[in-house]
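Peer 1: Give me a 3D structure for the following:
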Amino acid sequence: MPQEIERKFLVSGDFIADCNPKLRLTIVQGYFNSDPNRTVRIRLTKSNTCLDLACVTIKGPNHGISRAEYEFDIVPADAALELINNLAEFTISKHRHMIVYAGNTWCVDQFLDNNTGLILAEIELETEDQTFELPPWVGREVSDDVRYYNLQLAQNPYKNWSVT
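Peer 2: Numbers count the residues shown, from 1 in each chain. Here you go, the predicted structure:
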């Protein structure tokens, strides 16, 4: 069974110097159910260096920092936008920066719209006990805080939080 092993951190420093602006992605995700134990989403990814890409992702419940994850391409990508616009319960948008630091790829997400101001860094791992070096712009870990899951941010946006 395919597994996603991921750790999330708040970004508390300047990561922009480590970014390649030509590789910035814009992501729109539509969620098709509100059960966090069975997430079904469609992601449309746009960049200035390639064609739009789209996929449907199905994720199972979390077990620590791991969970089952299945992902399938949607062709043509325009169909993904149509599905998101017409059938999604919730949506979320963000800019994603891919940054290689100390041999590992980090995804830094700058959230948009109702989640503006929130910046998260994620790293996908091969094993739960894999060691890695934290970049200087990484702050507090939030892997176990469900408020920072994308589905939760779509349902309860960052702008509505009284305490972060």
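Peer 1: Which helix in this protein has the most residues?
Peer 2: Ranked by residue count and defined by DSSP state H, the top helix of the chain is helix 77-87.
Peer 1: Need the CA coordinates for the helix or strand just after that one. PDB is fine.
Peer 2: Sequence-wise, the next helix or strand downstream of helix 77-87 (DSSP states H and E) is strand 90-101. Below are the C-alpha coordinates for strand 90-101, written out as PDB (Å, rounded to 0.1, in the frame of the first residue of the first chain):
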ATOM      1  CA  PHE A  90     -14.200  23.000   0.000                       C
ATOM      2  CA  THR A  91     -11.200  24.500  -1.800                       C
ATOM      3  CA  ILE A  92      -7.800  25.900  -0.800                       C
ATOM      4  CA  SER A  93      -5.200  27.800  -2.800                       C
ATOM      5  CA  LYS A  94      -1.500  28.200  -2.200                       C
ATOM      6  CA  HIS A  95       1.900  29.000  -3.800                       C
ATOM      7  CA  ARG A  96       4.400  26.200  -3.400                       C
ATOM      8  CA  HIS A  97       8.100  26.600  -3.400                       C
ATOM      9  CA  MET A  98      10.300  23.500  -3.800                       C
ATOM     10  CA  ILE A  99      13.600  24.000  -1.900                       C
ATOM     11  CA  VAL A 100      16.400  21.500  -1.600                       C
ATOM     12  CA  TYR A 101      18.200  21.800   1.700                       C
END
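Peer 1: what sits up against the very next helix or strand once past strand 90-101?
Peer 2: Beyond strand 90-101 on the C-terminal side, the first helix or strand identified by DSSP H and E is strand 104-111. Under the contact criterion C-beta atoms under 8 Å, 6 or more residues apart in numbering, strand 104-111 has outside partners 11, 15, 19, 27, 92-100, 117-124, 132-133, 135, 153, 158. Placement of C-beta: from N, CA and C, glycine included.
Peer 1: the inter-axis angle of strand 104-111 versus strand 90-101?
Peer 2: 140 degrees (axes from the mean of the first three to the mean of the last three C-alpha atoms, to 10 degrees).
Peer 1: how about strand 104-111: buried residues?
Peer 2: 106-111 (16 or more other C-beta atoms under 10 Å).
Peer 1: Which strands or helices does the longest helix of the chain pack on?
Peer 2: strand 25-31, strand 39-47, strand 53-59 (3 or more C-beta pairs under 8 Å, 6 or more residues apart in numbering; DSSP states H and E).
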